[in-house]
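1. the following comprises the amino acid sequence and a computationally predicted model.
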Amino acid sequence: MTSDTIPIREGEGLDVHRLEQYLKANIEEIPNKPLEISQFSAGKSNLTYQLKAGNWEAVLRRPPMGPVAPKAHDMEREYKVLQEIHPFFNQAPKPFIYSDKELLGAPFFIMERKKGLVIDDSLTIPDGDSTYDVGQRISQLMVNTLVQLHAINYQKTKLKDMTRPAGFMQRQVDGWISRYHRSKTDEINGIDELTNWLESHLPHSEKTTIIHYDFKLNNSMFNQQLTRLIGVFDWEMSTVGDPLADLGVALSYWHEKNDSDLLKRGLGEESVTTKPGFFTREEFIQAYALKSGTDVSQIHYYLTFAYFKLAVICQQIYYRWKRGQTKDERFSNLNLYVNNLIQHAVKTSRRKL
């Protein structure tokens, strides 16, 4: 199996000596062996590192280098969210310890290291299976896992005190529009039409649940046989809110064969969800509705908003690259993807699925 880690990228190193001293003083399970650090290659926002000392392994998660957007990359909040969700949803990694910015120059937390397959733009079919059958199975596992998360009674967790479910969608729409304007670099046709439509067509939320809010294949981990979904990562955006907003985000990452090339590929390879057997977005919606009993008649709005939200996330990353706050050349053409997402969101707002 191909390694999911790489040597640490230039400018993203950690102080190994200070970290090793801190870990050995605060985590009893670590053996008296040298600390080895490598970096996970996936992800364009927060930085994640594999930590190894003898047979002990864990994951360190911290914000990107340089200035970050207000309220973004809140490591302490993500750590506390994982503390509350993990007992009810073991696909969420178990969090071990949180530290403020004094040690490494930024807040970080340490969590469980899960091992399995993360699927993104390639798929190895297990012996005896077909691409179609695996696509069907993975699609249903993604639906089932999202329904499972939304079924958790958040009133039994401290999330009821950490979040503000009332007025969730209004705050989301206002907040993401503000984030866009704060990180704006280029003039994009259709942006005013889109933001005005989002503000004037705000739906009434029927349910309130725990939501992941960045649920997608490459934030998920499967066992080797692709029969179980064993891990869900990147809980930074998780909160209590409208489950259809979570479904919309999942669908915004779920590409179909007939989507435009830039939408399907982003700025990388085409997603495996375009292969035979994987649900279409409409099939994903109907499978979710059947499994959860949720009214999905307004999903058209939530998908439009999700494309806009994804565009803003990419715009914030591109803004940091444009200002020289990150040197990662993967981000140099993100403005093209931002524009395409905005155009797609405009088209989505004009028609129902």
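-> Structure's in. What do you need?
2. count the neighbours of Ile313 for me.
-> When neighbours are defined as other C-beta atoms under 10 Å, Ile313 has 23 of them. C-beta here means a position set from N, CA and C on the backbone, and glycine is covered the same way.
3. with Gly135 instead?
-> Count around Gly135 with other C-beta under 10 Å applied: 22.
4. same thing with Gln325?
-> 14.
5. that one: what secondary structure?
-> Counting by DSSP: H, G, I helix; E, B strand; the rest coil, the backbone at Gln325 sits in coil.
6. quick one: residues contacting Glu78.
-> Residues in contact with Glu78, defined by C-beta atoms under 8 Å, 6 or more residues apart in numbering, are Arg61, Phe109, Trp235, Glu236, Ser238.
7. tabulate these (TSV), appending secondary structure and pLDDT.
-> As requested, the contacts of Glu78 are exported to TSV (DSSP: H, G, I helix; E, B strand; the rest coil; pLDDT from 0 to 100):
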residue	secondary structure	pLDDT
Arg61	strand	95
Phe109	strand	96
Trp235	coil	96
Glu236	coil	93
Ser238	coil	96
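8. wait, which of the residues you listed is closest to Leu82?
-> Trp235 (5.7 Å; C-beta to C-beta).
9. count of neighbours near the closest one?
-> 23.
10. surely it meets Gln83?
-> No: Trp235 is beyond contact range of Gln83, at 10.5 Å (criterion: C-beta atoms under 8 Å).
11. please name the nearest non-neighbouring residue to Ile292.
-> Residue 292: Ser, not Ile. The spatially closest residue to Ser292, leaving aside those adjacent along the chain, is Val147, at 4.6 Å (C-beta to C-beta, 6 or more residues apart in numbering).
12. where do the helices sit along this protein?
-> Using DSSP state H, the helices of the chain run over 16-26, 75-85, 131-150, 159-162, 168-182, 191-200, 243-253, 261-265, 281-292, 299-322, 334-349.
13. and Ala92, which of the ones you listed is closest to it?
-> Comparison of the helices of the chain against Ala92 by C-beta to C-beta identifies helix 75-85 as nearest, at 4.8 Å.
14. could you tell me the angle between the closest one and helix 131-150?
-> 90 degrees (axes from the mean of the first three to the mean of the last three C-alpha atoms, to 10 degrees).
15. okay, buried residues for helix 75-85 please.
-> The neighbour-count check on helix 75-85 (16 or more other C-beta atoms under 10 Å) flags Met75, Arg77, Glu78, Tyr79, Lys80, Val81, Leu82, Gln83, Glu84, Ile85 as buried.
16. poorly predicted segments of the stretch 151-300 of the chain, please.
-> Applying pLDDT under 70 to the stretch 151-300 of the chain flags residues 267.
17. okay, stretch 6-13 in CSV with CA atoms only?
-> Output in CSV follows, covering the C-alpha atoms of stretch 6-13 (Å, rounded to 0.1, in the frame of the first residue of the first chain):
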residue,chain,number,x,y,z
ILE,A,6,5.8,12.4,3.0
PRO,A,7,8.9,14.1,4.3
ILE,A,8,8.0,17.4,5.9
ARG,A,9,7.5,20.2,3.4
GLU,A,10,9.7,23.2,3.4
GLY,A,11,8.7,25.8,6.0
GLU,A,12,6.3,23.4,7.8
GLY,A,13,8.7,21.7,10.2
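18. and it, how far from the chain's centre?
-> Averaging C-alpha positions (C-alpha atoms, centre = their mean, to the nearest Å) puts stretch 6-13 22 Å from its chain's average.
19. kindly report the same for stretch 12-27.
-> In this view, stretch 12-27 has its centroid 27 Å away from the chain centroid, taken as C-alpha atoms, centre = their mean.
20. buried residues, it. List them.
-> Quick answer for stretch 12-27 (16+ other C-beta under 10 Å): Leu14, Leu19, Glu20, Tyr22, Leu23.
21. ok, and what's touching that stretch?
-> With C-beta under 8 Å, 6+ apart, stretch 12-27 has contacts from 8, 30, 32, 34-35, 37, 39, 47, 49, 51, 53, 60, 65, 96-97, 99, 103-104, 110.
22. swap in stretch 175-193?
-> Here stretch 175-193 has contacts from 69, 195, 198-199, 305, 308-309, 311-312, 315-316, 318-319, 322, 335, 338-339, 342-343, 346, 349, using C-beta under 8 Å, 6+ apart.
23. pull out the buried residues from those residues.
-> Judged by 16+ other C-beta under 10 Å, buried ones among the contacts of stretch 175-193: 195, 198, 305, 308-309, 311-312, 315-316, 318-319, 322, 335, 338-339, 342-343, 346, 349.
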